[in-house]
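S.K.: Mind folding the following:
(chains A, B, C and D)
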There are 2 protein chains.
Amino acid sequence: MMVSFAQSLATRFATLPEQLQVAARWIADHPQDVALLSMRDQARRAGVQPATMTRLAKALGYDGYDALRAQHAEVLRRDGQGLAATARRRRPLDANSHEAAAQALLTASADQILHLQSADNLAVLAKAAAQIAMARRIYCLGQRSSYPIAWHFHYALSLITDRVQLLDGSGAVGLDVLTHAVPGDVLFVCGVAPYTRAVVEATLQAQADGLRIVAVTDSPMSPLATQQGCVLIAPTESASFLHAMTPAFAIADCLAALVARAEDPAMLVRLEGLDRQLAARNTYLPKTQKGST
Amino acid sequence: MMVSFAQSLATRFATLPEQLQVAARWIADHPQDVALLSMRDQARRAGVQPATMTRLAKALGYDGYDALRAQHAEVLRRDGQGLAATARRRRPLDANSHEAAAQALLTASADQILHLQSADNLAVLAKAAAQIAMARRIYCLGQRSSYPIAWHFHYALSLITDRVQLLDGSGAVGLDVLTHAVPGDVLFVCGVAPYTRAVVEATLQAQADGLRIVAVTDSPMSPLATQQGCVLIAPTESASFLHAMTPAFAIADCLAALVARAEDPAMLVRLEGLDRQLAARNTYLPKTQKGST
DNA sequence: TATGTAGTGAAACATTTGTTGCAAAATGTT
DNA sequence: AACATTTTGCAACAAATGTTTCACTACATA
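M.R.: Have a look, this model is predicted:
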């Protein structure tokens, strides 16, 4: 399996001889240029002999410099056509227009979601998904702006399992359901500043009772960011004074999909069955139908 | 001032000889490769002679192929630094791991949100925001997977105005509230396939009653995509078999922020007042407090 | 038909490319 | 101090690069 350049570089860097370090440092500082300039050019700019670049490549386990270059080119290529391509095609807009504001907000959202992909976050997501997949029972909690996240997560999971339960205030039942929880059950909780006291207290209590916590919150310093549990940080900064909840929602969306992945394949059939069931009950409309006059 | 390659190509294309057109078309289709592959490689892939590439470059006013390549490299370099920079720093992961799946899902979400920024969509967002800002009353509707979107939009708006109302089934009131609506009121509705019949019918009825419709849906062919109203298309494709609702949520998030922008500045004060009010009631916890032992 | 022009393909061109062999220098070890 | 290793710089290498030249074709105009 192939390891990324940055990674293999970081591990080996300290053990490399002086000249190779010079070369490596330059490459690390100019990753875009690796695929765009000739090796000799890069050697010149790094202040190193051409041979050094080849030697570095081999020292890092590549066949030659071209192999290293190919990897960098691949990344450059993919990024170029995918994500940034849309952004590049933008038209300049009047800075004060709603259009410009909308563009800025959406770009910020996309950017925030991109930044969720840190190695840490991914690892926590994976761990949380595994815990949820194994759990006897999953409780979902979130109030105010976090309510849609909890609801969505609950709904998505309810399509693939009956082990999930939403802790909302409907009928004033709310948090009391947690009294039936047993150690090993999972509490999926979402909360951002200003934190709702009831949610925080319920979470702490649940943790004390031995439940596993999967928390989506806005800061590592959040009261929901318990040290033992799975903590997923979703930024809420926004150009507006309203909290941006899209990143948190994206995490819930993603986590639900991961859990679905982990569940047994029979659930796919079950899900299709649900669609058919709903269609039969006339709850849904066929997709082809058009709603205009 | 430098003219973009695509532009100078488009103007001259028709007047170019046959082989040069073949080469030009390939370049237009593979702009990322221009700087990444050797000219001879590109000629091979385009199915033309190497000489043709040089001739094309000169025909377009460049000194040689390297000049053309340099321009493409510049674009590639610049794009790499911006939005996609985070994505580039990724580590390659085991393809079957939860981490890899999470990464793919999040990237897809970010990508989908970026693609919401078409000129059309932005214009519709602006129009919808304007209508909502002016409306006497705003009703929010959405069921099943669309419920969190409607709820979130309702909640966000409720922070800045009291003219908004959620149409949910709690207490079996639901859609009956719409009977009090008058022409000019706005119905914010969210729905994706398979469409809930009740939602579609309520929307059509509301439109017939003279309400303005702001619809978030998954396709221009959706029954909610009425011709008169503001239709916002949010893709739901996902690697999972669960619908991706993040784009729709992002739209709601963005639209709420736009409306907030349009409202009068006094609301800012009102919002701060709300925070203080909630803090006083001990509903919320102060942010600094840490919830660990 | 003859003639000029533009387009094309193939080969040859001088450079530049990435790599490697080898000797000098630097480094650490006995 | 003597040794073995590693690291470095230089030069040479074959391979590939971008370009140019030239002969040939196709097609228009006279």
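S.K.: Leaving out the residues flanking it, which one is nearest to the most centrally placed residue in chain A?
M.R.: Within chain A, one residue has its C-alpha closest to the average C-alpha position: by CA atoms, centre = their mean, that is A:Leu116, at 4.3 Å. Distances taken as CB to CB, 6 or more residues apart in numbering or on different chains place B:Leu106 nearest to A:Leu116, at 5.5 Å, with adjacent residues excluded. For the C-beta atoms, the positions are set from N, CA and C on the backbone; glycine is no exception.
S.K.: Then A:Ala28?
M.R.: In space, A:Ala28 is closest to A:Leu9, 6.2 Å off (CB to CB, 6+ apart).
S.K.: what's the average pLDDT for the host helix or strand of that neighbour?
M.R.: Per DSSP states H and E: A:Leu9 is located in helix A:5-12. Averaging pLDDT along helix A:5-12 yields 68.
S.K.: thinking again about what came up before, I'd guessed the residue nearest to A:Ala28 sits against A:Trp26; true?
M.R.: No: between A:Leu9 and A:Trp26 no contact is recorded; they are 11.5 Å apart, counting by CB atoms under 8 Å.
S.K.: Taking helix B:246-262 as reference, get the angle to the host helix or strand of A:Pro247.
M.R.: Assigned by DSSP H and E, A:Pro247 belongs to helix A:246-262. On the basis of axes from the mean of the first three to the mean of the last three CA atoms, to 10 degrees, helix A:246-262 is oriented at 170 degrees to helix B:246-262.
S.K.: so, in contact with chain B or not, helix A:246-262?
M.R.: Yes: judged by CB under 8 Å from any CB of the partner chain, helix A:246-262 comes into contact with chain B through A:Thr246, A:Phe249, A:Ala250, A:Asp253, A:Cys254, A:Ala256, A:Ala257, A:Leu258, A:Ala260, A:Arg261, A:Ala262.
S.K.: Now the fifth one: closest residue in space that isn't a chain neighbour?
M.R.: This means A:Cys254. B:Leu105 (4.5 Å).
S.K.: repeat for the last one
M.R.: The shortest distance from A:Ala262 to any residue other than its chain neighbours is 3.8 Å, reached at A:Ala133 (CB to CB, 6+ apart).
S.K.: mind checking how far the one you found is from B:Gln228?
M.R.: 46 Å (CB to CB, to the nearest Å).
S.K.: quick one, which of the two is more surrounded?
M.R.: A:Ala133 (19 against 10; other CB atoms under 10 Å in any protein chain shown).
S.K.: Identify each buried residue in the helix or strand the more buried one falls within, please.
M.R.: Following DSSP H and E, one finds A:Ala133 within helix A:119-134. For helix A:119-134, the buried set under the neighbour-count rule, 16 or more other CB atoms under 10 Å in any protein chain shown, comprises A:Asn121, A:Leu122, A:Val124, A:Leu125, A:Ala126, A:Lys127, A:Ala128, A:Ala129, A:Gln131, A:Ile132, A:Ala133.
S.K.: Ramachandran coordinates for A:Arg136?
M.R.: Phi and psi for A:Arg136, reported as degrees, to the nearest 10, are phi -70, psi -40.
S.K.: what pLDDT does it get?
M.R.: Looking at A:Arg136, the pLDDT reads 93.
S.K.: residues in contact with it?
M.R.: A:Arg163, A:Val182, A:Gly184, A:Asp185 (CB atoms under 8 Å, 6 or more residues apart in numbering or on different chains).
S.K.: quick one, phi/psi of the second one?
M.R.: In this entry, A:Val182 is assigned phi and psi values of phi -120, psi 160 (degrees, to the nearest 10).
S.K.: quick check, A:Ala215 in a strand?
M.R.: Yes: applying DSSP: H, G, I helix; E, B strand; the rest coil, one finds A:Ala215 inside a strand.
S.K.: Sticking with the residue nearest to A:Leu116, tell me its helix or strand.
M.R.: helix B:98-114.
S.K.: That helix vs helix B:246-262, what angle?
M.R.: Using the same axes, to 10 degrees: helix B:98-114 against helix B:246-262 is 40 degrees.
S.K.: By neighbour count, which bits of stretch A:56-64 are buried? Give me those.
M.R.: A:Leu56, A:Ala57, A:Ala59, A:Leu60, A:Tyr62.
S.K.: before we move on, back to that, can you tell me which of the residues of helix A:246-262 next to chain B is nearest chain B?
M.R.: Nearest to chain B among the residues of helix A:246-262 next to chain B is A:Ala257, at 3.5 Å by CB to the nearest CB.
S.K.: wait, doesn't that closest one sit right on B:Ala104?
M.R.: No: at 9.5 Å, A:Ala257 does not count as touching B:Ala104 under the criterion of CB under 8 Å.
S.K.: Return the subset of the buried residues of stretch A:56-64 lying in helices.
M.R.: If you go by DSSP state H, the buried residues of stretch A:56-64 have A:Leu56, A:Ala57, A:Ala59 in helices.
S.K.: would you turn those into TSV with distance to A:Cys190?
M.R.: Below are these laid out as TSV (distance: CB to CB, whole Å):
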residue	distance to A:Cys190
A:Leu56	46
A:Ala57	46
A:Ala59	47
